[in-house]
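Student: Fold the following.
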Amino acid sequence: MNRKKLLEFRADFLLLTVAIAWGVTFLMVQEAINTVPVYAFLFYRFLFATILMAIIAYKFYDKINKQTIFYGFILGSFLFFAFATQTFGLSHTKSSIVAFITGLNVILVPFFAYVIFKDHVRRMVFIGSIIAVVGLYLLTMSGELTIGYGEFLSLICSALFALQILFTDKYSKRVNVFMLVLFQFLTVTIYSLIFSLSLDDVTFNISINNSFLKAVIVTSIFATVYAFLIQTYMQQFTTPTKTAIIFAMEPVSAGVYGYFVGNEILTSIQVFGATLIIIAVLLAEIKLKKE
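Tutor: Numbers count the residues shown, from 1 in each chain. Modelled structure (predicted):
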């Protein structure tokens with residue numbers, strides 16, 4: 001295995017750990033937002049993550065420039081408004097439908113990559129994207145898919161997540177990764193504070209309990225600082241389309257964790273859907289000789 005292939009394989013493996021981290025913390029977030037408003041929770045999660053990132057990245061402060069701040073603002077905007085449209089979508093349609101439509105970013109990434117940047121998408125990666133969409137449908141869907149306001153918002157959310165993945169691929173190769181992640185977090189923190197003060201009942205006088213503290217600490221460290229630092233750094237060595245396919249493992253890990261820890265039920269159809277997503281990830285690793 002040559003060095004380039006080895007770096008790509010390492011990147012894909014570490015991105016898989018990111019998807020697992022997101023899936024495992026999903027249940028914690030659900031429990032936390034039962035007692036704390038969504039945007040208030042996002043504010044504290046990303047505030048803590050921003051502080052941690054500022055400490056981790058202190059050696060790179062001399063790399064701060066207008067380009068880095070601008071790129072961080074763009075990525076942070078994509079990320080926050082993806083969260084926002086997903087949250088509003090959940091108030092208008094079933095969570096299973098929102099989960100499925102959000103997961104459609106797995107097919108939007110190669111489409112945007114070709115349309116916006118004229119990037120070549122390998123055949124097996126494209127096939128893997130389609131299989132992942134089928135797997136996502138079987139894993140997440142539990143209701144009739146219609147086109148309403150909630151579904152429309154979820155589609156916007158999916159597009160924003162796709163753009164975040166795609167532009168992370170471009171920006172991570174141009175500026176310091178640590179500073180890029182820091183300003184992305186700072187952007188989400190500011191947006192979350194503004195939305196929380198505007199829409200939530202409380203922002204600062206929240207009821208602090210064990211579920212909230214555990215969720216903020218764990219998601220800040222593993223699902224935010226670790227996850228986005230790994231994503232931003234490792235996307236230098238792999239493609240955005242493969243990243244999207246790997247991230248489709250998030251609902252798989254969430255389902256497995258919920259089954260063993262949260263006593264949730266997985267049907268045979270959901271297990272088959274999860275299996276298809278795993279197959280899609282493996283297919284994305286296959287490179288044909290002509291490509």
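
Student: which outside residues touch the host helix or strand of residue 228?
Tutor: Per DSSP states H and E, residue 228 falls inside helix 227-234. Residues lying outside helix 227-234 but in contact with it, judged by Cβ atoms under 8 Å, 6 or more residues apart in numbering, are 10-12, 14-15, 17-18, 21-22, 53, 56, 165, 168, 172, 177-178, 180-181, 184-185, 243. Placement of C-beta: from N, CA and C, glycine included.

Student: From these, list just the buried residues.
Tutor: Burial of the contacts of helix 227-234 was assessed by neighbour count (16 or more other Cβ atoms under 10 Å); the buried members are 11-12, 14-15, 17-18, 21-22, 53, 165, 168, 172, 177-178, 180-181, 184-185, 243.

Student: which is the next helix or strand following the helix holding residue 228?
Tutor: Beyond helix 227-234 in the direction of the C-terminus, DSSP H and E gives the next helix or strand as helix 240-247.

Student: what mean pLDDT does that next one have?
Tutor: Per-residue pLDDT values across helix 240-247 average out to 91.

Student: do the same with stretch 264-272
Tutor: For stretch 264-272, the mean per-residue pLDDT is 84.

Student: For that stretch, buried residues please.
Tutor: For stretch 264-272, the neighbour count (16+ other Cβ under 10 Å) marks 270-271 as buried.

Student: Could you name the helices and strands sitting against the lengthiest helix in the chain?
Tutor: In the chain, with assignment by DSSP state H, the single longest helix is helix 3-32. Applying 3 or more Cβ pairs under 8 Å, 6 or more residues apart in numbering; DSSP states H and E, we find helix 3-32 packed against helix 210-218, helix 227-234, helix 240-247, helix 249-260.

Student: residue ranges of the helices in the stretch 101-250 of the chain, please?
Tutor: Per DSSP state H, counting those that start in this stretch, the stretch 101-250 of the chain carries helices over the ranges 105-117, 123-140, 149-171, 177-199, 210-218, 227-234, 240-247, 249-260.

Student: Give me the angle between the fifth one and helix 3-32.
Tutor: Computed by axes from the mean of the first three to the mean of the last three Cα atoms, to 10 degrees, the angle separating helix 210-218 from helix 3-32 equals 160 degrees.

Student: for the helix or strand bottoming out on mean pLDDT in the chain, packing partners?
Tutor: Averaged element by element with mean pLDDT, DSSP states H and E, the chain has its least confident helix or strand at helix 95-102 (a mean of 77). For helix 95-102, the helices and strands in contact under the criterion 3+ Cβ pairs under 8 Å, 6+ apart are helix 66-90, helix 123-140, helix 149-171.

Student: Which of the ones you listed comes out lowest on mean pLDDT?
Tutor: Here those differ in mean pLDDT, and the lowest is helix 123-140 at a mean of 87.

Student: I'd like the distance from that helix to the chain centre, please.
Tutor: On the basis of Cα atoms, centre = their mean, to the nearest Å, helix 123-140 is displaced by 17 Å from the centre of the chain it belongs to.

Student: And it, what's buried?
Tutor: Residues 124-126, 128-129, 131-133, 135-140 are the ones in helix 123-140 that count as buried (16+ other Cβ under 10 Å).

Student: Restricting the selection to alpha carbons, write that helix to PDB.
Tutor: The C-alpha atoms that make up helix 123-140 are tabulated as PDB, following Å, rounded to 0.1, in the frame of the first residue of the first chain:
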ATOM      1  CA  ARG A 123     -18.000   5.200 -10.200                       C
ATOM      2  CA  MET A 124     -17.900   3.000  -7.000                       C
ATOM      3  CA  VAL A 125     -18.200   6.100  -4.800                       C
ATOM      4  CA  PHE A 126     -21.300   7.200  -6.700                       C
ATOM      5  CA  ILE A 127     -22.800   3.600  -6.500                       C
ATOM      6  CA  GLY A 128     -22.000   3.600  -2.800                       C
ATOM      7  CA  SER A 129     -23.900   6.900  -2.400                       C
ATOM      8  CA  ILE A 130     -27.000   5.400  -4.000                       C
ATOM      9  CA  ILE A 131     -26.800   2.300  -1.800                       C
ATOM     10  CA  ALA A 132     -26.300   4.500   1.300                       C
ATOM     11  CA  VAL A 133     -29.500   6.400   0.500                       C
ATOM     12  CA  VAL A 134     -31.500   3.100   0.200                       C
ATOM     13  CA  GLY A 135     -30.000   2.000   3.500                       C
ATOM     14  CA  LEU A 136     -30.900   5.300   5.100                       C
ATOM     15  CA  TYR A 137     -34.500   5.000   4.000                       C
ATOM     16  CA  LEU A 138     -34.800   1.500   5.400                       C
ATOM     17  CA  LEU A 139     -33.100   2.400   8.700                       C
ATOM     18  CA  THR A 140     -34.800   5.700   9.400                       C
END
